[in-house]
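A.B. asks: Task: produce atomic coordinates for the following.
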Amino acid sequence: MLLHKDKVNLKQLEEPLLIISDEDILLFQQLMFPVLKFELVECKLALSTRKSISLIRDIWLALFKGSDTLIINSEQAMLYPIRLVLFEFVSKEEYFKHLAEKARGDKCLSLLYAIIYIQFVLQWLKEKFQGNGQICESSKMLLPQAGGNKKEDNYLTISREITVAQAIIVKSIRFEVQNNRQEFSSLLFQTYNLIEYLHEEASCKSADTRTLPSMRHVAEDLDTFYKKRYVANKTN
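C.D. replies: Numbers count the residues shown, from 1 in each chain. This is a model prediction of the structure:
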């Protein structure tokens, strides 16, 4: 899940965890297309696979609509337990709730927030799982096979091997977050700081903060934050 890069077809993402309208699915595709075309290097983990982008869509919808108004699709939660556990860990944090208040109803800000959140979380997990052979092998089991298609996602046809691989990764994610709770909270706090910083930068340049979502315009700020703040202070 964390190590593969493929060509992402936005019309063949995994099924949403949350109940979502066809209109919002189309809106997400329209918003994501120019982001993928630009290939923002600073968020390459979040934007590299259909699994990570499917998770971005879940987080985007929670920010855009408000997580308190949304319903989790129980069948899809069974099918995608990795996305479910990441969604729950992120969406229950107080920092996330504060940003959700700012982003609600703003489709573009919600997308930017979701991308940054998922990038930071996946980067943290990748660092934690570095050198873990069991996680690497389990991740390979979840990658799309040659000739695969969206119909293979049906939970009725899921293989035992994939079920086991998902269980291993979910267990590992829970272990890392629960045993490094302060570090994980610090990670999300750093993410919150970055987004606040981007807000301040946008406010200085324009009275309309809704100009913020241009990924091209935040690339330099993201790079600076990674080098000077995230890397230096991520465990503080």
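A.B. asks: Quick check: mean pLDDT of the helix or strand where K102 lies?
C.D. replies: For K102, the host element (DSSP states H and E) is helix 94-103. Mean pLDDT, helix 94-103: 81.
A.B. asks: Can you pull out the low-pLDDT segments for this structure?
C.D. replies: Low-confidence segments of the chain (pLDDT under 70): 1-7, 38-41, 143-158, 199-236.
A.B. asks: Now do the helices in it.
C.D. replies: Under the criterion DSSP state H, helices of the chain are mapped to 22-38, 50-61, 74-79, 81-91, 94-103, 107-129, 133-141, 160-179, 181-205, 215-225, 231-233.
A.B. asks: just the angle between the helix holding K102 and helix 107-129, please?
C.D. replies: 160 degrees (axes from the mean of the first three to the mean of the last three C-alpha atoms, to 10 degrees).
A.B. asks: tell me what helix 94-103 is packed against?
C.D. replies: With contacts taken as 3 or more C-beta pairs under 8 Å, 6 or more residues apart in numbering; DSSP states H and E, helix 94-103 sits against helix 107-129, helix 181-205. Using the backbone N, CA and C atoms, a C-beta is placed for each residue, glycine as well.
A.B. asks: what sits up against it?
C.D. replies: 62-64, 66-67, 90, 109-110, 113, 117, 188-189, 191-192, 195, 199 (C-beta atoms under 8 Å, 6 or more residues apart in numbering).
A.B. asks: Check the residues you listed for burial and list the buried ones.
C.D. replies: 62-64, 67, 90, 109-110, 113, 117, 188-189, 191-192, 195 (16 or more other C-beta atoms under 10 Å).
A.B. asks: Pick the one among those closest to V164.
C.D. replies: Of all these, V164 sits closest to V90, with 24.8 Å by C-beta to C-beta.
A.B. asks: do you know which of the helices of the chain lies nearest V8?
C.D. replies: Ranking those by proximity to V8 (C-beta to C-beta) places helix 50-61 first, at 5.3 Å.
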